[in-house]
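Chemist: how would this look folded up:
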Amino acid sequence: MALYSILFSPTGGTRKSAEALGRGLGENWEEIDLSRPHLDFSAFRLEEGDLALVAVPSFGGLAPQPALHRLKAISGNGCRAVLLCVYGNRAYEDTLVQLEDTALAAGFRVVAGVAALAQHSMVRELAAGRPDEEDQNQLKAFGVKIREKLEQGNLSRPVLPGNRPYKERHAGGPPPLPGEGCTRCGLCAARCPTGAIDPADPALVDRDRCIGCLRCVAVCSQGSRRPDQAQLARISAMLEPFRSLRRENQLFL
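Modeler: From the prediction side, this is the model:
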């Protein structure tokens, strides 16, 4: 049995949660990075006896569109799939059912779902430090429970929360731009999951491609690239009621 980690993690929170869950499921994972825009995902053909951990962040209660598009290109061929959505303390709304529908369309067999917490990519005070040690231990325990289900030969499809049709996807705000400290190293352009940043001039961003994932902010070695401050202030005010909450990870078997 081959184990595949099919991952879209722009700023690292989804990866950290997936690794914790994966420690309970098994060892020696082969990674398929959904954040690589030039990878030929149709070349990946999985098998019925394999197991895939499919992990994405929730952006405004939905899965990132590029991640869904690339996942759908993979040939699942009956491969068992554990779905993981990671969110920043507000809500994940329709992310899991949207991910489920895409995985099923790609030929995967969904056997479990998990919703997990990670530090909010923009408003860093939300779910700060998560997944913490408690989260990671719990996610590993979730992985063990899923593995036990599979070892019993139980391939039943879980009932996942969310709505169909999904909520409306809203257009993003202004993209992050570099400040005076930008050295034009090109790392932000090279690591952008959608190829939205011009490699010749990092201040030029294709707004139709930018999904606001903030990877460019996370990877900037100079700390020069920042979110639009007016947008940050609006989102921060909107999320104010969720600052003091500690939401819990959820397992769906």
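
Chemist: helices and strands around the longest helix that the chain contains, which ones?
Modeler: Across the chain, the longest stretch assigned as helix under DSSP state H is helix 133-151. On a contact count with 3 or more Cβ pairs under 8 Å, 6 or more residues apart in numbering; DSSP states H and E, helix 133-151 meets helix 13-25, strand 109-117, strand 250-252. The way it works is simple: take the backbone N, C-alpha and C, and place the C-beta from them, glycine included.

Chemist: try it again with 10 Å
Modeler: Here helix 133-151 touches helix 13-25, strand 51-57, strand 80-87, strand 109-117, strand 250-252, going by 3 or more Cβ pairs under 10 Å, 6 or more residues apart in numbering; DSSP states H and E.

Chemist: closest one to Gln136 among those?
Modeler: Comparing those by their distance to Gln136 (Cβ to Cβ), the top pick is helix 13-25, with 4.0 Å.

Chemist: got the buried residues for the longest helix of the chain?
Modeler: By neighbour count on 16 or more other Cβ atoms under 10 Å, the buried set for helix 133-151 is Asp135, Gln136, Gln138, Leu139, Lys140, Ala141, Phe142, Gly143, Ile146, Arg147, Lys149, Leu150.

Chemist: Was I right to think the last one contacts Leu51?
Modeler: Yes. Leu150 lies in contact with Leu51 (Cβ atoms under 10 Å); the separation is 7.3 Å.

Chemist: Can you check which residues contact both of these two?
Modeler: Here Leu150 and Leu51 have Met1, Leu25, Gly26, Arg80, Val82, Val111 as joint contacts, going by Cβ atoms under 10 Å, 6 or more residues apart in numbering.

Chemist: And for the third one, the neighbour number?
Modeler: This points to Gly26. Residues lying near Gly26 (other Cβ atoms under 10 Å) number 15.

Chemist: distance of it from Arg226?
Modeler: From Gly26 across to Arg226, the span is 39 Å (Cβ to Cβ, to the nearest Å).

Chemist: cool, and the fourth one?
Modeler: Taking Cβ to Cβ as the measure, Arg80 and Arg226 are separated by 41 Å.

Chemist: Between these two, which has more neighbouring residues?
Modeler: Arg80 (21 against 15).

Chemist: I'd guessed the more buried one sits against Gly26; true?
Modeler: No. Counting by Cβ under 10 Å, Arg80 stays clear of Gly26, with 11.6 Å between them.

Chemist: circling back to that earlier point, kindly reformat the buried residues of helix 133-151 as TSV containing distance to Phe8 and pLDDT.
Modeler: Converted to TSV, those look like this (distance: Cβ to Cβ, whole Å; pLDDT from 0 to 100):
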residue	distance to Phe8	pLDDT
Asp135	19	98
Gln136	20	98
Gln138	22	98
Leu139	17	98
Lys140	21	98
Ala141	24	98
Phe142	20	98
Gly143	19	98
Ile146	20	98
Arg147	23	98
Lys149	25	98
Leu150	24	97
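
Chemist: Include distance to Glu30 when you put those into a markdown table, please.
Modeler: Shown next, in a markdown table, are the buried residues of helix 133-151 (distance: Cβ to Cβ, whole Å):
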| residue | distance to Glu30 |
| --- | --- |
| Asp135 | 25 |
| Gln136 | 22 |
| Gln138 | 25 |
| Leu139 | 20 |
| Lys140 | 20 |
| Ala141 | 24 |
| Phe142 | 21 |
| Gly143 | 17 |
| Ile146 | 18 |
| Arg147 | 17 |
| Lys149 | 22 |
| Leu150 | 18 |
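
Chemist: Which two among these are spaced furthest apart?
Modeler: Pairwise across the buried residues of helix 133-151, and taking Cβ to Cβ, the largest span is found between Asp135 and Leu150, at 22.7 Å.

Chemist: part of a strand, is Asp93?
Modeler: Check again: residue 93 is Glu, not Asp. No. Per DSSP: H, G, I helix; E, B strand; the rest coil, Glu93 lies outside any strand segment and is coil.
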